[in-house]
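Peer 1: next come a sequence and a model predicted from it.
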Amino acid sequence: MITVPVSLKITDKSLPEFKNIKALYKKAFPAEERAPFWVLNRNARKEGVDFWGLYDDKEWVGLAYVISYSNLSYVFYLAISDQHRGKGYGSDTLRALKERYDGQKLFLAIEELDETADNYAERVSRKQFYLRGGLTELHCRLREAKVIYEVLGTGGKVDPEEYKQMMRHYLGSVLSRLVRMEIIP
């Protein structure tokens with residue numbers, strides 16, 4: 001286990017590990033669950049969007065991408081590099097995010113527990129990790145394009161209209177009409 005807490009550092013192209021951040025993003029998330037990296041990078045300049053590099057005192061360990069709007073903070077992406085998994089960095093990152101977004105409804109989406117999925121055991125493990133980390137089931141689903149996720153979080157339920165407004169702010173008026181993203185109660 002790690003002894004040094006994870007710190008959050010805003011990511012940009014000037015960081016020496018930026019290529020590693022991009023590579024981890026592409027490796028950690030299936031193509032159908034990834035927004036184009038250039039969109040993430042461009043939108044990270046918007047108010048309420050934080051593209052975090054995750055660090056211990058010596059090195060880069062992962063990434064987190066959080067979209068905030070009004071009283072919502074959506075952990076859009078969170079990944080720990082392969083060589084740092086299983087060492088407590090994920091748990092510490094979750095604690096750091098909960099502290100950073102204290103007072104917000106902090107939530108994230110995970111793959112549904114579909115027993116027929118090839119990665120069913122991984123899905124169960126991921127959900128257990130987040131539940132151990134203090135997130136709770138919010139008893140709703142999230143549709144992003146053609147994929148439906150289960151929603152976990154802290155601070156209470158996510159109102160579907162608030163989520164819609166957040167994504168409209170993040171994506172802009174044109175893209176938000178083209179990409180189906182909605183909370184399903």
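Peer 2: Thanks, I have the structure now.

Peer 1: and the helix or strand of the chain with the lowest mean pLDDT, what does it pack onto?
Peer 2: Least confident helix or strand of the chain, by mean pLDDT, DSSP states H and E, is helix 173-178 with a mean of 73. Using 3 or more Cβ pairs under 8 Å, 6 or more residues apart in numbering; DSSP states H and E, the elements in contact with helix 173-178 are helix 160-171. C-beta here means a position set from N, CA and C on the backbone, and glycine is covered the same way.

Peer 1: state the mean pLDDT of the helix it packs on.
Peer 2: Averaged over helix 160-171, pLDDT sits at 94.

Peer 1: now swap in stretch 7-14 and tell me
Peer 2: 93.

Peer 1: what's the least confident helix or strand of the chain in contact with?
Peer 2: Residues outside helix 173-178 that contact it (Cβ atoms under 8 Å, 6 or more residues apart in numbering) are 167-168, 170.

Peer 1: ok, stretch 146-155 next?
Peer 2: Taking Cβ under 8 Å, 6+ apart as the rule, stretch 146-155 contacts 32-33, 71, 98, 103-113, 127, 130-131, 134-138, 140-143, 158, 180, 183-184.

Peer 1: next, find the distance separating residue 28 from residue 57.
Peer 2: 23 Å (Cβ to Cβ, to the nearest Å).

Peer 1: looking at those two, which is more packed in?
Peer 2: It is residue 28, of residue 28 and residue 57, that has more neighbours when counted by other Cβ atoms under 10 Å, with 17 against 10.

Peer 1: got a pLDDT number for the more buried one?
Peer 2: For residue 28, pLDDT reads 96.

Peer 1: returning to what we had before: which of the contacts of helix 173-178 sits closest to residue 43?
Peer 2: Nearest to residue 43 among those: residue 170, at 6.2 Å, using Cβ to Cβ.
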